[in-house]
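J.: missing the sequence, but the structure's below:
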């Protein structure tokens, strides 16, 4: 009996291996640690291997594919309906195997190490901006408690705070002024580090043909949007068309239909929230710039018709949807 399909339930140290043959008979049902698993699969004949998309699964897929296996990842939300009985590693591995063998199974693409590094840079930038915004709001809230109003814009905020603290000697004690200034320095460092990471992201992607072409050809797509798309969509071949990409990113209407009656709601908001936010904000900026134009081109007039007919926010989401499809098309050509 020869193993044809293997499912892995991944944990930090222990990994449950569940393998079956072409007749669905159980051949392997064991627990390995990571080192022994790699050694075992390195000496095993090439098979299909499935696992959930989770921390460490991308690296493991890369290693297994290098060994000659065909490793794929499946989203946890598609595995859960097939989990039966009690929660344990063996049942989870069986559920992964069952979900992966469905005709309509959807798999998560395997990223390259270069894409993983780019994604890490974006996540680091997101954290820096999140901490900057939190500290900015906290500082303005502390000062507002003492009747001091501070502008919200970054340029004015960094310029005004030192002056405000210096002039507030009579209303604030030295302890509070020192602590707020320390928060201000930390806030400014987060902002400067986020700008530094943005520059590194641009330099990191500068040699990508897709990155340059997307920025040049698509309105509402800038360096951050193009690089985030490049780090999120591992390969255009994972999608049949551009609509699947926009659906993957949560930019299509949520459907709730029954009995022949079609009901469409707001967008699903699936996928990477950071990329979807960037796409929509880029589209909003593009539409806002068109409203001020006196002599728009034919393409720009079409976008303005969207705004007039559906409203600004709906038109921005529609433009973001179109931009996602166009980026997939460009990536497909560049592949």
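T.: That came through fine. Remember, it's a predicted structure, so these values are computed and weren't measured experimentally. Numbers count the residues shown, from 1 in each chain.

J.: could you use CA atoms for every contact and neighbour count after this?
T.: Fine.

J.: which stretches in this structure count as strands?
T.: Counting by DSSP state E, the chain has these strands, from start to end: 5-10, 14-20, 26-33, 48-52, 70-74, 107-108, 253-255, 264-267.

J.: so which of the ones you listed comes closest to residue 229?
T.: When the strands of the chain are compared by Cα to Cα, strand 107-108 sits nearest residue 229, at 15.0 Å.

J.: Provide the contact partners of that closest one at residue level.
T.: Residues outside strand 107-108 that contact it (Cα atoms under 8 Å, 6 or more residues apart in numbering): 53, 72, 73, 74, 75, 238.

J.: quick check: which ranges of the stretch 51-200 of the chain have low pLDDT?
T.: By pLDDT under 70, the stretch 51-200 of the chain contains no weakly predicted segment.

J.: gap between the two ends of stretch 212-229?
T.: Stretch 212-229 has an end-to-end distance of 13 Å (criterion: Cα to Cα, to the nearest Å).

J.: and the residue nearest to residue 211 when sequence neighbours are not counted, how many neighbours does it have?
T.: Nearest residue to residue 211, sequence neighbours excluded (Cα to Cα, 6 or more residues apart in numbering): residue 226, at 5.7 Å. For residue 226, the number of neighbouring residues by other Cα atoms under 10 Å comes to 24.

J.: pull the contacting residues for residue 226.
T.: Residue 226 makes contact with 211, 214, 215, 327, according to Cα under 8 Å, 6+ apart.

J.: could you measure from the closest residue to residue 228 other than its chain neighbours over to residue 220?
T.: Among residues not flanking residue 228 along the chain, residue 275 sits closest, at 6.1 Å (Cα to Cα, 6+ apart). When distance is defined by Cα to Cα, residue 275 is 13 Å away from residue 220.

J.: same question, residue 181
T.: Using Cα to Cα, one obtains 38 Å as the distance from residue 181 to residue 220.

J.: more neighbours: those two, which one.
T.: Remark: of residue 181 and residue 220, residue 220 carries more neighbours, 22 against 16, as counted by other Cα under 10 Å.

J.: for the more buried one, give me its contacts.
T.: By Cα under 8 Å, 6+ apart, the residues touching residue 220 are 279, 282, 283, 284, 285, 286, 320, 323.

J.: what sits closest to the second one if chain neighbours are left out?
T.: Which is residue 282. In space, residue 282 is closest to residue 220, 4.6 Å off (Cα to Cα, 6+ apart).

J.: over to the one you found: give its phi and psi.
T.: Main-chain torsions, residue 220, degrees, to the nearest 10: phi 90, psi 10.

J.: tell me how many other residues crowd residue 38.
T.: Counted with other Cα under 10 Å, the neighbours of residue 38 add up to 16.

J.: which two in the contacts of residue 220 are spaced the farthest apart?
T.: Pairwise distances across those peak at 13.3 Å for 285 and 323 (criterion: Cα to Cα).

J.: look at the two and report which has more neighbours.
T.: Counted by other Cα under 10 Å, residue 285 and residue 323 do not tie: residue 323 has more neighbours, with 23 against 14.

J.: so the more buried one touches residue 215, yeah?
T.: No - using Cα atoms under 8 Å, residue 323 makes no contact with residue 215, being 10.8 Å away.

J.: please tell me how far residue 284 sits from residue 306.
T.: Residue 284 is 12 Å from residue 306, by Cα to Cα.

J.: what is the burial count for residue 24?
T.: Residue 24 is flanked by 11 other residues according to other Cα under 10 Å.

J.: and the pLDDT at it?
T.: With respect to pLDDT, residue 24 scores 84.

J.: how close does it get to residue 169?
T.: Distance of residue 24 to residue 169, given as Cα to Cα: 78 Å.

J.: please apply the same query to residue 269.
T.: 48 Å.

J.: likewise for residue 52?
T.: Distance of residue 52 to residue 169, given as Cα to Cα: 58 Å.

J.: more crowded one of those two?
T.: More crowded of residue 52 and residue 169, by other Cα under 10 Å: residue 52, with 26 against 11.

J.: setting aside sequence neighbours, what's the nearest residue to that one?
T.: With Cα to Cα, 6+ apart, the residue lying closest to residue 52 is residue 74, at 5.0 Å.

J.: what does residue 158 give?
T.: Counting by Cα to Cα, 6+ apart, the residue nearest residue 158 is residue 188, at 7.3 Å.

J.: doesn't residue 132 make contact with the one you found?
T.: Yes - counting by Cα under 8 Å, residue 132 is a contact partner of residue 188 at 7.3 Å.
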